[in-house]
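K.L.:
My questions are about this predicted structure, shown below with the sequence.
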Amino acid sequence: MPIRIPEQLPAQNVLLGENIFTMDMDRASNQDIRPLEVGILNLMPNKIETEVQILRLLSNTPLQINVDLIRIDNQAPKNTPQSHMDAFYHDFSSVANKKYDGLIVTGAPLAMLDYDKVKYWDTMTTILEWAQRHVNSTLYLCWAAHAAMYHFYDVTRTLRDEKFSGVYKHTVNDPHNELLRGFDPVFYAPHSRYGHIDKAQYNNVEGLNVVAESQDVGAYIVASEDKRMVFVTGHPEYDPDTLKEEYFRDLSSGQSPAVPKNYFEGDDPSKSPIVQWRSHGSLLFTNWLNYYVYQTTPYDLNQLAEKSQPKR
């Protein structure tokens, strides 16, 4: 089944070129089923690239999905035309009264800032609390996962001197968890972060389970028992060249980044990346949509129950 997106969104042409079925609003309005309502709060500077990455993963499902792109403020984003934002993004205030089956909150390049120094932190916390009342299941990626852990559970990340950058081996801790249905016992996923939360800190929070982890980079997928929140500390949505582009960007800015681990052939940046994470990234999003969103959400979103406040 297709994802339903605004007409003329640039991601549409990219996805159609990959033979991914998308549907514009006019065609979708003639169908007699209720699509899933999914919001994407995109905090990344290059909005268009991130849109394509996430929409690609959302498309691999038999469910019809109505996607709202949401921005956190009106500031002109780096690397994205203001015209694109005005044409395709909703201000949070315009969707604040809406209820969603699912919400995805992306990462953000804010690793070295304290949360209260982030210019939109007040709005971010407002949205986190709003999601408890208006969203059936929320998927937090990378920085957003750590930010949500801090806000809801007072769990503070530590900042590493060296960035976790590369594609790391992970293991499945809970093979019966529906998020991991179809996963191999060992799989790979990209990480690109300075922040880190020890597995023990997740385990100390009642109602949270570390369902997949890496010996090298720690907890990867953490899920609440009620399926209302999922924290993913890496980037399953990354394209094959994303880590490469980050590495050479940092080099060109005068930094001395480490070569991403287990990524370039022979760990040689002059060679092509070895892609070994995309199938599990796609499966993670599909499982989240099916088992944590579709199977648990009410048909009438007005009946969505407010999530009980997390226990600190």
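P.N.:
Yes, it's here.

K.L.:
Restrict stretch 127-145 to CA atoms and write it as PDB.
P.N.:
Only the C-alpha atoms of stretch 127-145 are listed here, as PDB (Å, rounded to 0.1, in the frame of the first residue of the first chain):
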ATOM      1  CA  ILE A 127       5.700  18.500  22.100                       C
ATOM      2  CA  LEU A 128       7.000  15.600  24.200                       C
ATOM      3  CA  GLU A 129       4.200  16.200  26.700                       C
ATOM      4  CA  TRP A 130       1.700  16.700  23.800                       C
ATOM      5  CA  ALA A 131       2.600  13.300  22.300                       C
ATOM      6  CA  GLN A 132       1.600  11.700  25.600                       C
ATOM      7  CA  ARG A 133      -2.000  12.800  25.000                       C
ATOM      8  CA  HIS A 134      -2.200  13.000  21.200                       C
ATOM      9  CA  VAL A 135      -0.100  10.100  19.800                       C
ATOM     10  CA  ASN A 136      -0.600   6.400  20.100                       C
ATOM     11  CA  SER A 137       3.100   5.400  19.600                       C
ATOM     12  CA  THR A 138       6.200   7.700  19.300                       C
ATOM     13  CA  LEU A 139       9.500   6.700  17.700                       C
ATOM     14  CA  TYR A 140      12.400   8.800  18.900                       C
ATOM     15  CA  LEU A 141      15.700   8.600  16.900                       C
ATOM     16  CA  CYS A 142      19.200   9.300  18.100                       C
ATOM     17  CA  TRP A 143      19.400  12.800  19.800                       C
ATOM     18  CA  ALA A 144      15.600  12.800  20.200                       C
ATOM     19  CA  ALA A 145      15.800   9.400  22.000                       C
END
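
K.L.:
List the buried residues of it.
P.N.:
For stretch 127-145, a neighbour-count test (16 or more other C-beta atoms under 10 Å) marks 127-128, 131-132, 134-145 as buried. Just so you know, the C-beta spots here come from the backbone N, C-alpha and C atoms, and that holds for glycine as well.

K.L.:
With stretch 152-172 instead?
P.N.:
Result for stretch 152-172 [16+ other C-beta under 10 Å]: buried residues 152-153, 155, 157, 163-168, 170, 172.

K.L.:
pLDDT on it, on average?
P.N.:
Across stretch 152-172, pLDDT averages out at 95.

K.L.:
Would you map the strands across the protein?
P.N.:
3-4, 22-23, 36-41, 65-71, 89-91, 100-105, 135-141, 158-172, 186-196, 208-214, 218-224, 229-232 (DSSP state E).

K.L.:
As CSV, these with distance to residue 276 would be great.
P.N.:
Output for these, formatted as CSV (distance: least, C-beta to C-beta, whole Å):
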stretch, distance to residue 276
strand 3-4, 25
strand 22-23, 27
strand 36-41, 26
strand 65-71, 27
strand 89-91, 33
strand 100-105, 23
strand 135-141, 19
strand 158-172, 6
strand 186-196, 5
strand 208-214, 14
strand 218-224, 15
strand 229-232, 17
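
K.L.:
which one of those strands lies closest to residue 119?
P.N.:
Within these, the stretch nearest residue 119 is strand 65-71; the backing value is 13.3 Å (C-beta to C-beta).

K.L.:
Parallel or antiparallel, which strands does that closest one pair with?
P.N.:
strand 3-4 (parallel), strand 36-41 (parallel), strand 89-91 (parallel) (DSSP bridges).

K.L.:
could you give the angle of that strand to strand 100-105?
P.N.:
Relative orientation of strand 65-71 versus strand 100-105 (axes from the mean of the first three to the mean of the last three C-alpha atoms, to 10 degrees): 40 degrees.

K.L.:
So what touches strand 65-71?
P.N.:
Residues from elsewhere that reach strand 65-71 (C-beta atoms under 8 Å, 6 or more residues apart in numbering): 1-6, 28, 35-42, 47, 51, 55, 58, 77, 85, 88-92, 95, 98, 100, 289.

K.L.:
Just the buried ones among the residues you listed, please.
P.N.:
Buried among the contacts of strand 65-71 (16+ other C-beta under 10 Å): 2-5, 28, 35-42, 47, 51, 55, 58, 77, 85, 88-89, 92, 95, 100, 289.

K.L.:
Of the buried residues of stretch 127-145, which is the nearest to residue 237?
P.N.:
Using C-beta to C-beta, these come closest to residue 237 at residue 141, 7.2 Å.

K.L.:
residue contacts, that closest one?
P.N.:
104-107, 232, 235, 237.

K.L.:
Going by distance to residue 261, which of these wins?
P.N.:
The nearest member of the contacts of residue 141 to residue 261, counting by C-beta to C-beta, is residue 235 at 14.0 Å.
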